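*Asks:* build me a model:
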Amino acid sequence: QVLLVESGGGVVQAGGSLRLSCAASGRTVSVHDMGWFRRAPGKEREEREFVAGRSWSGDIYYADSVKGRFSVSVDNAKNTIDVQMNSLKPEDTAVYYCGAFTFKSNSWGQGTQVTVSS
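*Replies:* Next up is the predicted model:
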């Protein structure tokens, strides 16, 4: 079992910045991919949307919608993955979730709300 704890959400005006942090604990040695996902208001019945993440090889990937605005940083020693979100837009408003994936299971954090006002 991998436990994920997120922090850093909040309310910001369009054009502003926020930084989200995720700390993993437990069986982190089994994790091959980690990333950030989000679910926008009114889409509670849909799958979480991929935002950015790190693959097992260490490569960082971004959704097209956030490229050039969001930046992921990973600290393997501390088992953390952060995302710096700049130039935020109202459409970035969502609950953001940290995810960690092993070959046997997926783990999710509790989610942190990001609200971008226009």
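*Asks:* so who does the most centrally placed residue in the chain touch?
*Replies:* Nearest to the mean C-alpha position of the chain, by C-alpha atoms, centre = their mean, lies Trp36 at 2.1 Å. If you count contacts by C-beta atoms under 8 Å, 6 or more residues apart in numbering, Trp36 has them with 20, 22, 51-53, 72, 81, 83, 96-99. For every residue, glycine as well, the C-beta is placed using N, CA and C.
*Asks:* determine which two of the residues you listed are furthest apart.
*Replies:* Pairwise distances across these peak at 14.3 Å for Val72 and Tyr97 (criterion: C-beta to C-beta).
*Asks:* correct me if wrong, but Arg19 is in a strand.
*Replies:* Yes. Arg19: assigned to a strand according to DSSP: H, G, I helix; E, B strand; the rest coil.
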